[in-house]
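Enquirer: structure here, sequence nowhere to be found:
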C-alpha cells in the first residue's frame, strides 16, 4: 500500500500544482493590467510592480489553494478512472475508500501549513506588497494615510457619532454629528462641527460648529454656535476605526487579538472583528473540508460519468463558499456567535461529506 499511497500523493500534488500555476498566471495577468492602467505612474514603477506581484504570490497561493485542492482531486479521480487504474485497484481487493487516505492527510497538512505560514510571513509580505502598490506605483505620499469614511459609531456615555471622514495621521474628524441620549433614549444634546482634532485623554477641539440642547419633548431648548470649543468625549481616535475599515488580510492573529483587546477596553463592539479572528483559524481548514466534499461528490459517479462527478464537486464547492460568506455575515451583524459563525460551515459540510462517504459502496 505504501507504493500506491506514494503514487496517489504524487499525482494529486502534481494536479494541485498545475491548477495553482494556472490560477497564479491569471492573478499576475490581472494585476499587471491593473498596474499598467494606473494614471500618473512614477519613473521606475515597473521595478516596483514586479516586486509587488512577487510579494503577493504567497497570499494568492493560500487563497487559491482550496479550489486547487478540489480540482486536483477531481482531475486525479478522473485520471485513474479513465486509465482503468481504478478498476485494477478494485480487482486487487483494495477498498476504494482507502486510496483517499493520503489525499486527506495531505490536505490536513496543507491546512496547518497555511495557518502557520500566514502568521510567520505571508501577512507581512502582503503588507510590503501593498506598500509598493500604494507608495511606489500609485505615488501616494508616506504621510498620506488611509482616510476612513462614512463612520457610524456608538461610543461611551450614550453618544452616537456620525462622521464623514477620519484622518488617522492627523487624528482629525471631519463632518461631525454627535447625538447625546438619556438612559431612556431621549435626545438630550446634539453637536455639529466641520472638524474636530484630538488633543489628549478624551479631549477634542471642535471647529465651526453648533451645540443644541433639547427639552424632554425633544424640542430645542437652546443653541450655541462656536468657532472653536474644547469638548471632553471620553473617546480615543482609534475608536473611529471600525471593523469595516480594518484590512484583515494585513493583520496577523496576534496583532488582531491585541487590537480587539484595546477596543474591548474602550467598550467598543468587536463582534465583527472576533468573527474575522476566528475565521483566520477556520479558513485554512477549508482545504481539508473541500477534499471531503470532492470525495463525497463521487457518490454521483455510479455510471462512471466523470463529468457529472466533476460538475457536482464544483457546484458543492460554490455552495460551500456561499454558506461560509452567509455565516460570516451573520457573525459580523451580531446575529450569531462569532465562534459559531466562523466554524459552522466547516463543521456542517464535514459532517455531510463524511455521511455521504460512509454510504459509498465501492
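Expert: Okay, I see it. Here the structure is a predicted model, which means the values were calculated and not measured.

Enquirer: which residues in the stretch 1-150 of the chain form helices?
Expert: For the stretch 1-150 of the chain, helices defined by DSSP state H, counting those that start in this stretch occupy the ranges 2-36, 45-82, 85-91, 101-117, 123-131.

Enquirer: so where's this protein shaky on pLDDT?
Expert: 1, 86-87, 89-96, 141-146, 156-158, 241-246, 265-268, 299-310, 312-313, 360-362 (pLDDT under 70).

Enquirer: just checking, residue 214 touches residue 187?
Expert: Yes. Judged on CB atoms under 8 Å, residue 214 makes contact with residue 187 at a distance of 5.3 Å. Yep, even glycine has a C-beta here, placed from its N, CA and C like the rest.

Enquirer: neighbours around residue 137, how many?
Expert: 22 (other CB atoms under 10 Å).

Enquirer: that one: what's its closest spatial neighbour, skipping adjacent residues?
Expert: Leaving out its chain neighbours, the residue that sits closest to residue 137 by CB to CB, 6 or more residues apart in numbering is residue 45, at 4.9 Å.

Enquirer: contact partners for the spatially closest residue to residue 11 that is not a sequence neighbour?
Expert: Spatial nearest neighbour of residue 11, excluding adjacent residues (CB to CB, 6+ apart): residue 76 at 5.3 Å. By CB atoms under 8 Å, 6 or more residues apart in numbering, the residues touching residue 76 are 8, 11-12, 15, 103.

Enquirer: circling back to that earlier point, which one's more surrounded, residue 214 and residue 187?
Expert: residue 214 (18 against 15).

Enquirer: show me what counts as buried in stretch 203-213.
Expert: For stretch 203-213, the neighbour count (16 or more other CB atoms under 10 Å) marks 204, 206-207, 209, 211-212 as buried.

Enquirer: identify, from the contacts of residue 76, the entry nearest to residue 239.
Expert: Of all the contacts of residue 76, residue 239 sits closest to residue 103, with 47.6 Å by CB to CB.

Enquirer: what number of residues lie near residue 247?
Expert: Residue 247 is flanked by 10 other residues according to other CB under 10 Å.

Enquirer: measure it to residue 180 for me?
Expert: From residue 247 across to residue 180, the span is 32 Å (CB to CB, to the nearest Å).

Enquirer: surely residue 235 is within a strand?
Expert: No. With DSSP: H, G, I helix; E, B strand; the rest coil as the criterion, residue 235 is located in coil rather than a strand.

Enquirer: thought it was touching residue 202?
Expert: Yes. Using CB under 8 Å, residue 235 is in contact with residue 202, at 6.2 Å.

Enquirer: between those two, which has more neighbouring residues?
Expert: residue 235 (23 against 14).

Enquirer: which residue packs closest to that one, ignoring adjacent ones?
Expert: In space, residue 235 is closest to residue 155, 5.1 Å off (CB to CB, 6+ apart).

Enquirer: quick check, the one you found in contact with residue 236.
Expert: No. The criterion here is CB under 8 Å, and residue 155 misses it with residue 236 at 10.0 Å.

Enquirer: coming back round to it: so which of the buried residues of stretch 203-213 sit within strands?
Expert: 204, 206-207, 209, 211-212 (DSSP state E).

Enquirer: so which of the residues you listed comes closest to residue 343?
Expert: Proximity of those to residue 343 (CB to CB) peaks at residue 204, which lies at 40.3 Å.

Enquirer: run through the bridge partners of that closest one.
Expert: As for beta bridges, residue 204 partners with residue 198, residue 231 under DSSP bridges.
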